[in-house]
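K.L.:
sharing a model that was predicted from the sequence below.
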Amino acid sequence: MKTVLITGANKSIGFETAKQLLGVGYYVYLGCRDLAKGEQAVKQLQSMGLNQVEPIVIDVDNIASIRAARGQIKALDVLINNAGISGGMSQSSTETEINVFRDVFETNFFGVVEVTQAFIDLLKQSAAPRIVNVTSGLGSLTCQSDPDYVHYQVKPVTYVTSKAAMNAYTIVLAYELRDTAFKVNAVDPCYTATDFNNHSGPGTVQDAAARVVKAAVLGPDGATGQFFSDDNAPETGISPW
């Protein structure tokens, strides 16, 4: 049975991703910062008959928590770096306090790097390792600089820059692992109605999670080093960086 760790998985897109992967036979380590919330999420999944799941406490802002989580997992095929924060959607590049930048980057960028580095040894033992970095269409520098881009006016500076940094890390990581069995990709779940955006998005968590799952279960001929986004590129599904 293949195993997957999903950070930030006790609610919203992360929870739905866990649900869908359980449905196709994966064993899920449901990453959460709060054990009680993780256990509640697991009970909800088990009530649906989805039993191959356990909560794992992992705070991506805390290296000790990441290392403790690593100590609890003995095998891993898929890592989904899903945890993220917005920092607030109304931000000025000249007035937003530097501490807000640090907080958002700590979760959205440094957390991704630290979790990936902590679990890379386990992933290398898998016959078909997959890393999925959950990004945003707003992290595309090409789209953000195009006045015709549908979300051109949406520029929360800490979120945009942190996701762009994560995208750059995805490119480099995929390149370094290019001659291995790894598939490393960034996935935009698209503008989805969640607590993250006060449920303002038009998309559903089911559709959003399906995009993440698609990258998590890629076969040996699947793409690597790509930025998947149906919002940014509805015809091809491959967003410009």
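P.N.:
Great, that's in hand.
K.L.:
low-confidence regions, the chain specifically.
P.N.:
By pLDDT under 70, the weakly predicted segments of the chain are 192-202.
K.L.:
can you give me the helices in it?
P.N.:
If DSSP state H is used as the criterion, the helices of the chain fall at 12-23, 35-46, 63-72, 98-105, 111-124, 141-144, 157-176, 205-216.
K.L.:
next, the angle helix 205-216 makes with the first one.
P.N.:
The directions of helix 12-23 and helix 205-216 differ by 60 degrees, with axes from the mean of the first three to the mean of the last three C-alpha atoms, to 10 degrees as the criterion.
K.L.:
what separates helix 12-23 from the chain centre, distance-wise?
P.N.:
12 Å (C-alpha atoms, centre = their mean, to the nearest Å).
K.L.:
picking up where we left off before, which stretch among the helices of the chain comes nearest Tyr29?
P.N.:
Each of the helices of the chain was scored for nearness to Tyr29 using C-beta to C-beta, and the closest is helix 63-72 (8.1 Å). No exception for glycine: its C-beta is placed from N, CA and C like everyone else's.
K.L.:
for that closest one, name the packing helices and strands.
P.N.:
In terms of contacts (3 or more C-beta pairs under 8 Å, 6 or more residues apart in numbering; DSSP states H and E), helix 63-72 is packed against strand 53-57, helix 111-124.
K.L.:
and these as CSV, adding mean neighbour count?
P.N.:
Shown next, in CSV, are the helices and strands packed on helix 63-72 (neighbours: other C-beta atoms under 10 Å):
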stretch, mean neighbour count
strand 53-57, 20
helix 111-124, 19
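K.L.:
wait, Arg70 sits on Ile120?
P.N.:
No - using C-beta atoms under 8 Å as the test, Arg70 is too far from Ile120 to be in contact (10.2 Å).
K.L.:
and among the helices of the chain, the most buried is which?
P.N.:
With neighbours defined as mean count of other C-beta atoms under 10 Å, the helices of the chain peak in mean count at helix 12-23, which reaches a mean of 23.
K.L.:
quick check: closest non-adjacent residue to Ile171.
P.N.:
Excluding the flanking residues, the one nearest Ile171 by C-beta to C-beta, 6 or more residues apart in numbering is Gly225, at 6.2 Å.
K.L.:
whoops, I mixed them up, Lys2
P.N.:
In space, Lys2 is closest to Asp77, 4.3 Å off (C-beta to C-beta, 6+ apart).
K.L.:
quick revisit: got CSV for the helices and strands packed on helix 63-72, with distance to Thr180 too?
P.N.:
Shown next, in CSV, are these (distance: least, C-beta to C-beta, whole Å):
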stretch, distance to Thr180
strand 53-57, 25
helix 111-124, 8
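K.L.:
quick one: closest of those to Ile66.
P.N.:
So among the helices and strands packed on helix 63-72, helix 111-124 is nearest, using C-beta to C-beta, at 5.0 Å.
K.L.:
ok, Lys43 to Ala209 distance?
P.N.:
19 Å (C-beta to C-beta, to the nearest Å).
K.L.:
cool, Lys163 as well?
P.N.:
Here Lys163 is placed at a distance of 18 Å from Ala209 (C-beta to C-beta).
K.L.:
one more: Ala233?
P.N.:
Distance of Ala233 to Ala209, given as C-beta to C-beta: 19 Å.
K.L.:
and for Gln125?
P.N.:
Note on Gln125: its distance to Ala209, by C-beta to C-beta, is 26 Å.
K.L.:
for Val150, which non-adjacent residue is closest in space?
P.N.:
Counting by C-beta to C-beta, 6+ apart, Val150 lies nearest to Asp231, which is 7.5 Å off, once chain neighbours are set aside.
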